[in-house]
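Trainee: Following is a predicted model, sequence given first.
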Amino acid sequence: MATLLFMGGVVQAQVHRSIKVNQLPSAARNYLRDGLGSFDVKRVDMVVDSFKTSYEVYLVGNTKVNFNRDGGWRIITTSTSLPEEAFPGEIWQYLKENYFGKPITRLQRYADGYQVTVDGKDESFDLRGNHK
């Protein structure tokens, strides 16, 4: 599927191509196995535009993971709740102590930290997992 984006006077084509799990970068495959192993993969798309390549992985349970070209995860969203294994340890500890049993529906990694949506609230953490 191709999508045309109009950005600053330039038309940019974005192409989504279905690929197999074994075609993902190894870091992405490892994270799917170790961090989200409880979810089965439904579909994998490689997304290519003139500036970058990324990957979108759709899992059973209405869960989606975005990976960068090197296989590092960027955003994970779900309609259920993400498992403990999806989180860096310090973040999980904070969530367990403050939101035990509440649904965790989004985890996003930024250059300077993480943002988690839990029980409808956004919580921010630095790169070491310390709550901000």
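Mentor: Structure's in. What do you need?
Trainee: Neighbours of Thr78, how many?
Mentor: For Thr78, the count of nearby residues is 21 (other CB atoms under 10 Å). C-betas here are computed from N, CA, C, even on glycine.
Trainee: begin at 10 from here
Mentor: Understood, numbering begins at 10; the last thing we discussed is Thr87.
Trainee: What is the top strand by length along the chain packed up against?
Mentor: Criterion DSSP state E: the longest strand present in the chain is strand 19-28. Contact analysis of strand 19-28 by 3 or more CB pairs under 8 Å, 6 or more residues apart in numbering; DSSP states H and E lists strand 11-16, strand 50-57 as its packing neighbours.
Trainee: domain assignment for this structure?
Mentor: 10-78, 90-141 (automatic domain parsing).
Trainee: hmm, back to that, worst average pLDDT in the helices and strands packed on strand 19-28?
Mentor: Here these differ in mean pLDDT, and the lowest is strand 11-16 at a mean of 50.
Trainee: got the contact list for Asn139?
Mentor: Glu99 (CB atoms under 8 Å, 6 or more residues apart in numbering).
Trainee: pLDDT value on it, please?
Mentor: On the pLDDT scale, Asn139 gets 95.
Trainee: Could you do Gly98 as well?
Mentor: pLDDT at Gly98 comes out at 83.
Trainee: Quick check: it touching Arg137?
Mentor: No - checked against CB atoms under 8 Å, the pair Gly98 and Arg137 is beyond contact range at 10.2 Å.
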